[in-house]
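1. sharing a model that was predicted from the sequence below.
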Amino acid sequence: MDAMFSSCGLQTLPTEFAWSPPCLRALTAIQRDFEIDDEKLKRIAARFEEELYEGLSKHGENLTMEATWVHGLPKGTETGSFLTVDLGGTNIRVCWITLRGRGCQPEIVQKLSHIPEVVKTGEAHQLWGFVADSIDHFVRERGLHCTASSPLALGFTFSYPVRQDSLTNGRLKTWTKGFDIKGVEGEDVVSQLDKALRAKDLHIDVVALINDTTGALIASSYMDAETVIGAIFGTGSNAAYMENVGSIPKLKTPLPPDTPMAINCEYGAFDNSHRVLPRTKFDQMIDRDSPRPGEQTFEKMSAGLYLGEIFRLIICDFHDHGLLFKTQNVSRLARPYTIDTAFLSALESDTLPNLVGKFESISGVEATLGEVQLLRRLAEVVTTRGARLSACGIAAICKKKGIREGHVAVDGSVANKHPTFKSRWAKALAAILDWQSDRERDPIRMVGAKDGSGIGAAVIAAMHLRY
Ligand code: BGC
């Protein structure tokens with residue numbers, strides 16, 4: 001069993017604590033269902049590449065391959081100070097960013113706040129009121145001046161699928177990452193934010209609406225000319241890269257065919273038609289109980305929001321079959337989304353005795369050392385599959401564009417915080433693209449794009465204002 005899984009990156013752990021035969025059988029079944037061997041990885045990446053083409057050709061495909069109206073990479077000479085707002089899946093971050101050109105680290109003054117649950121599932125006016133309030137507090141606290149004659153320029157990073165026909169507007173197609181706010185889908189998010197800002201008498205103009213992946217691509221290119229792709233492996237999952245307008249048949253525009261255009265792939269929706277991804281019953285349960293069933297199939301199997309939940313569903317299943325926590329009260333564990341990916345990271349990095357305490361504080365369940373060791377094994381199974389799938393989208397972009405070397409600029413909690421995600425991802429990418437992985441020297445490798453969303457928004461604002 002171990003040999004079978006070591007090929008796809010699972011560590012071989014000594015079985016210090018004996019698991020019962022039924023438990024071992026259940027574990028073997030889970031490992032089999034979650035295993036994606038190298039051949040399967042290649043098939044997924046090949047289908048991924050087809051979906052990239054389909055999304056560029058026609059509207060209404062799984063991958064919406066959104067044109068971002070960001071025409072080209074920065075030169076590295078863009079400078080100035082910009083207000084940015086980054087509305088992600090978990091937090092809102094308001095920043096004042098000063099760009100000093102390639103070679104100098106941008107200066108960031110920022111305020112991070114958690115997005116309350118009531119906002120995530122409320123009404124449009126609550127969301128935009130919350131965003132405008134966050135900006136208002138920040139602007140006041142920092143003593144930033146904005147008047148009707150001298151408004152502040154804002155770069156707005158909105159990390160959800162929007163259809164844009166310019167850099168300064170975008171209609172939300174659908175909420176992702178568990179958001180379910182009424183009155184925003186189908187609407188222009190810039191107009192809605194604008195209205196909320198005006199209501200507070202804030203003279204702030206949105207000069208760029210961007211996705212976090214475009215932000216990572218542009219922020220990283222600003223400092224590092226070897227950047228080829230921007231990606232997020234965090235609460236959600238997605239990537240952006242550069243195309244030429246002539247390679248986007250669905251785009252009706254008078255722009256010359258060789259005009260560069262950053263594409264936000266929105267590839268969390270890969271395989272929404274269920275042709276290639278090996279979905280387990282747990283993936284199906286997550287989808288069924290999500291606010292948007294049938295959407296974001298790939299994201300629901302690989303992104304941070306869902307990894308902890310897949311893991312929770314598996315351990316509840318073990319409990320239901322009498323294989324874990326036999327005499328314990330599992331009522332807290334039965335609540336959806338009680339386990340986040342941070343705990344899966346801990347499972348693969350902390351000691352077993354420490355994990356007993358951590359698990360109890362999260363779930364109220366007092367697990368034995370043997371049980372925690374089983375949890376560790378299950379976490380490995382779930383996160384290994386996530387890392388390997390995450391390599392497929394990047395490999396597909398590289399194959400489509402004929403990219404043979406360069407940096408994939410990545411931000412997001414899974415990439416930044418999970419102890420083994422990067423090495424498993426690199427190994428899977430190497431398997432798909434047929435090279436022997438040696439992380440430091442891999443021709444295409446992951447580099448950090450920390451704060452990419454904010455810095456990218458500032459750089460794009462600077463590029464736009466220079467136009
Ligand atoms: C969104 C993308 C975003 C990704 C990463 C997905 O759920 O649809 O727009 O880039 O999450 O944040």
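-> Sure thing, it's come through. Numbers count the residues shown, from 1 in each chain.
2. in this protein, which residue sits closest to the ligand?
-> Closest contact between the chain and the ligand, by CB to the nearest ligand atom, is at residue 236 (2.2 Å). To be clear about C-beta, it is placed using only N, CA and C from the backbone, and glycine gets the same treatment.
3. residue 128 falls within a helix, correct?
-> Yes - according to DSSP: H, G, I helix; E, B strand; the rest coil, residue 128 belongs to a helix.
4. hey, where'd the helices end up in the stretch 151-300 of the chain?
-> Applying DSSP state H, counting those that start in this stretch to the stretch 151-300 of the chain gives helices spanning 189-199, 212-223, 281-288, 297-302.
5. ok, which of the ones you listed comes nearest residue 425?
-> helix 297-302 (10.4 Å; CB to CB).
6. low-confidence stretches in the protein?
-> By pLDDT under 70, the weakly predicted segments of the chain are 1-17, 439, 466-467.
7. how many residues are close by residue 447?
-> 14 (other CB atoms under 10 Å).
8. beyond the strand or helix carrying it, next helix or strand please.
-> Using DSSP states H and E, the element containing residue 447 is strand 444-448. Sequence-wise, the next helix or strand downstream of strand 444-448 (DSSP H and E) is helix 452-466.
9. does residue 186 touch residue 174 like I think?
-> No - contact criterion CB atoms under 8 Å: residue 186 and residue 174 do not qualify, at 9.3 Å.
10. neighbour-wise, which of these two wins?
-> residue 174 (18 against 10).
11. just the strands in the chain please.
-> Taking DSSP state E, the strands of the chain run over residues 66-67, 79-87, 91-100, 107-114, 152-158, 162-163, 171-172, 204-210, 227-233, 237-244, 260-264, 406-411, 444-448.
12. tell me the most buried of these?
-> strand 227-233 (a mean of 27; mean count of other CB atoms under 10 Å).
13. packing partners of that strand?
-> Other elements packing on strand 227-233 under the criterion 3 or more CB pairs under 8 Å, 6 or more residues apart in numbering; DSSP states H and E are helix 212-223, strand 237-244, helix 369-401, strand 406-411.
14. run the last query once more with 6 Å
-> Identification of packing neighbours for strand 227-233 by 3 or more CB pairs under 6 Å, 6 or more residues apart in numbering; DSSP states H and E yields helix 212-223, strand 237-244, strand 406-411.
15. quick one, which of those gets closest to residue 435.
-> Closest to residue 435 of the helices and strands packed on strand 227-233 is strand 406-411 (CB to CB; 13.9 Å).
16. who does that closest one pair up with?
-> Paired with strand 406-411 in the same sheet, following DSSP bridges, are strand 227-233 (parallel), strand 444-448 (parallel).
17. and the helices of the stretch 151-300 of the chain, which is most packed in?
-> helix 212-223 (a mean of 30).
18. picking that back up, now render the helices of the stretch 151-300 of the chain as JSON lines, adding distance to residue 408.
-> Shown next, in JSON lines, are those (distance: least, CB to CB, whole Å):
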{"stretch": "helix 189-199", "distance to residue 408": "27"}
{"stretch": "helix 212-223", "distance to residue 408": "9"}
{"stretch": "helix 281-288", "distance to residue 408": "25"}
{"stretch": "helix 297-302", "distance to residue 408": "15"}
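19. which one of those helices lies nearest to residue 420?
-> Between those, helix 297-302 lies closest to residue 420; by CB to CB that is 14.7 Å.
20. if we can go back for a sec, how about the backbone phi and psi for the residue of the chain closest to the ligand?
-> Dihedral angles of residue 236 (phi, psi; degrees, to the nearest 10) stand at phi -120, psi -180.
21. next up, the contacts around it.
-> Going by CB atoms under 6 Å, 6 or more residues apart in numbering, residue 236 touches 89, 176-177, 268, 299, 303.
22. ok, now residue 82?
-> Residue 82 neighbours (CB under 6 Å, 6+ apart): 97, 153, 155, 458, 461.
23. show me what the third one bridges to in the sheet.
-> Note on residue 155: beta-bridge partners residue 84, residue 208, judged by DSSP bridges.
24. touching, it and residue 458? I think so.
-> Yes - at 5.5 Å, residue 155 counts as touching residue 458 under the criterion of CB atoms under 6 Å.
25. show me whatever sits in contact with both of these two.
-> With CB under 6 Å, 6+ apart, residue 155 and residue 458 have common neighbours 82, 84.
26. quick one: which of the contacts of residue 236 is nearest residue 145?
-> Taking the contacts of residue 236 together and measuring to residue 145 by CB to CB, the closest member is residue 89, at 32.0 Å.
27. pretty sure the closest one sits against residue 232.
-> No - if you go by CB under 6 Å, residue 89 and residue 232 don't touch, sitting 9.4 Å apart.
28. so what's the nearest residue to residue 59 once chain neighbours are set aside up against?
-> Of all residues not flanking residue 59 in the chain, residue 250 sits nearest, at 5.6 Å (CB to CB, 6 or more residues apart in numbering). Residue 250 sits next to 57-59 when contact means CB under 6 Å, 6+ apart.
29. picking that back up, turn the strands of the chain into a markdown table, columns for distance to residue 288.
-> Shown next, in a markdown table, are the strands of the chain (distance: least, CB to CB, whole Å):
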| stretch | distance to residue 288 |
| --- | --- |
| strand 66-67 | 27 |
| strand 79-87 | 27 |
| strand 91-100 | 28 |
| strand 107-114 | 27 |
| strand 152-158 | 27 |
| strand 162-163 | 26 |
| strand 171-172 | 23 |
| strand 204-210 | 32 |
| strand 227-233 | 24 |
| strand 237-244 | 20 |
| strand 260-264 | 27 |
| strand 406-411 | 30 |
| strand 444-448 | 33 |
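30. nearest to residue 123, of the ones you listed?
-> Comparing these by their distance to residue 123 (CB to CB), the top pick is strand 171-172, with 14.1 Å.
31. and the closest one, how far out from the chain's middle?
-> Computed by CA atoms, centre = their mean, to the nearest Å, the chain-centroid distance of strand 171-172 equals 19 Å.
32. so does that strand get close to the ligand?
-> No - on the criterion CB under 6 Å from any ligand atom, strand 171-172 is out of touch with the ligand, staying 9.9 Å away.
33. so what touches that strand?
-> 160, 162-163, 184-185, 188-189.
34. re earlier: can you sort out which of the contacts of residue 236 also neighbour the ligand?
-> Among these, the residues that sit close to the ligand (CB under 6 Å from any ligand atom) are 89, 176-177, 268, 299.
35. which one among these gets closest to residue 416?
-> Distance to residue 416, by CB to CB, is smallest for residue 89 among these, at 14.3 Å.
36. columns neighbour count and distance to the ligand on top of the contacts of residue 250, output as TSV?
-> Below are these laid out as TSV (neighbours: other CB atoms under 10 Å; distance: CB to the nearest ligand atom, whole Å):
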residue	neighbour count	distance to the ligand
57	13	20
58	11	19
59	10	17
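37. residue 259 touches residue 246, doesn't it?
-> No - Residue 259 lies out of contact with residue 246 (CB under 6 Å); the separation is 8.2 Å.
38. no more questions from me, cheers.
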